[in-house]
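Enquirer: Got a predicted structure plus its sequence, pasted below:
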Amino acid sequence: MAAPGKPIERVAGPEARRAQILELLRTAGRPLTGSELAQRLGTSRQVIVQDIAVLRAAGVEILATPRGYCLPGARPAHRMLVAVRHTPDQTEDELTLLVDLGVEVVDVIVEHAIYGELRGSLHIASREDVRQFMEALRRTGARLLSELTGGLHLHTLEARNPEILERAREALRQRGYLVE
């Protein structure tokens, strides 16, 4: 396989390119952006976005995170859904609190009056993930889904054992973020 950032030989045909996308996602060990995949495969980002859509339509589960595309790994055995409320300025504190306890923040969910449930994929599991997420918010000027609901939102949390999830719930409670 070529070194990171180096283009891979162009593959013949869309099926071969899609197979190569899956191989890159399988072996990367981190999310890859559409631009990274395009550079590696010697094609355009738009072609990659289309290929990802075709793969998903064929039933391949590909996650689109704020840091790029990835394949779901083996899921931890323990998941918890929590309801929280906080201001946008407290987002970094909330996420850092959770990842420092060993929790992955899988998503954010809000209930919209017109559209029903809106879900955003996060997959934030480290301080570096938090930093990148917060930087993307600042750089793009995007607004948080929780701003649609006065700060009220749900998170799916994952951890390797239920004790970590209970510690996370208690830490959210102590910080005043947990809605019970």
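Expert: Perfect, thanks for sending it.
Enquirer: What's the separation between residue 82 and residue 98?
Expert: Residue 82 sits 9 Å away from residue 98, going by Cβ to Cβ, to the nearest Å. Any C-beta I mention is one placed from the backbone N, CA and C, and that applies to glycine too.
Enquirer: where do the helices sit along this structure?
Expert: 14-28, 34-41, 45-57, 91-100, 127-140, 162-175 (DSSP state H).
Enquirer: I'd like those laid out as CSV, including distance to residue 63.
Expert: As requested, the helices of the chain are arranged in CSV below (distance: least, Cβ to Cβ, whole Å):
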stretch, distance to residue 63
helix 14-28, 9
helix 34-41, 13
helix 45-57, 10
helix 91-100, 17
helix 127-140, 13
helix 162-175, 21
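Enquirer: Reformat these as TSV; add mean pLDDT.
Expert: Converted to TSV, those look like this (pLDDT from 0 to 100):
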stretch	mean pLDDT
helix 14-28	90
helix 34-41	92
helix 45-57	94
helix 91-100	98
helix 127-140	95
helix 162-175	97
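Enquirer: Need the winner for burial among these.
Expert: Highest mean neighbour count among these (mean count of other Cβ atoms under 10 Å): helix 34-41, with a mean of 20.
Enquirer: I'd like to check the angle between it and helix 45-57, please.
Expert: Interaxial angle, helix 34-41 versus helix 45-57 (axes from the mean of the first three to the mean of the last three Cα atoms, to 10 degrees): 100 degrees.
Enquirer: relative to helix 14-28, how tilted is helix 34-41?
Expert: Here helix 34-41 runs at an angle of 110 degrees relative to helix 14-28 (the same axes, to 10 degrees).
Enquirer: Please enumerate the shared neighbours of residue 82 and residue 98.
Expert: Common contacts of residue 82 and residue 98 (Cβ atoms under 8 Å, 6 or more residues apart in numbering): 155, 157, 168, 172.
Enquirer: Show the contacting residues for the second one.
Expert: Contact analysis of residue 157 by Cβ under 8 Å, 6+ apart lists 79, 80, 81, 82, 98, 103, 104, 105, 106, 165, 168.
Enquirer: One more: the first one?
Expert: With contacts taken as Cβ under 8 Å, 6+ apart, residue 155 has the following neighbours: 81, 82, 84, 98, 105, 106, 107, 108, 109, 122.
Enquirer: Inside strands: which ones of those residues?
Expert: 81, 82, 84, 105, 106, 107, 108, 109, 122 (DSSP state E).
Enquirer: then stretch 34-49 to CSV, C-alphas only?
Expert: The C-alpha trace of stretch 34-49 is given here as CSV (Å, rounded to 0.1, in the frame of the first residue of the first chain):
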residue,chain,number,x,y,z
GLY,A,34,-13.3,12.3,1.0
SER,A,35,-10.4,14.5,-0.1
GLU,A,36,-7.8,12.0,1.3
LEU,A,37,-9.5,9.1,-0.4
ALA,A,38,-9.7,11.1,-3.7
GLN,A,39,-6.0,11.9,-3.5
ARG,A,40,-5.0,8.3,-2.7
LEU,A,41,-7.1,7.0,-5.5
GLY,A,42,-6.3,9.6,-8.1
THR,A,43,-9.8,10.8,-8.5
SER,A,44,-12.1,13.7,-7.4
ARG,A,45,-13.8,14.1,-4.0
GLN,A,46,-17.1,14.1,-5.8
VAL,A,47,-16.5,10.7,-7.3
ILE,A,48,-15.6,9.4,-3.8
VAL,A,49,-18.8,10.8,-2.3
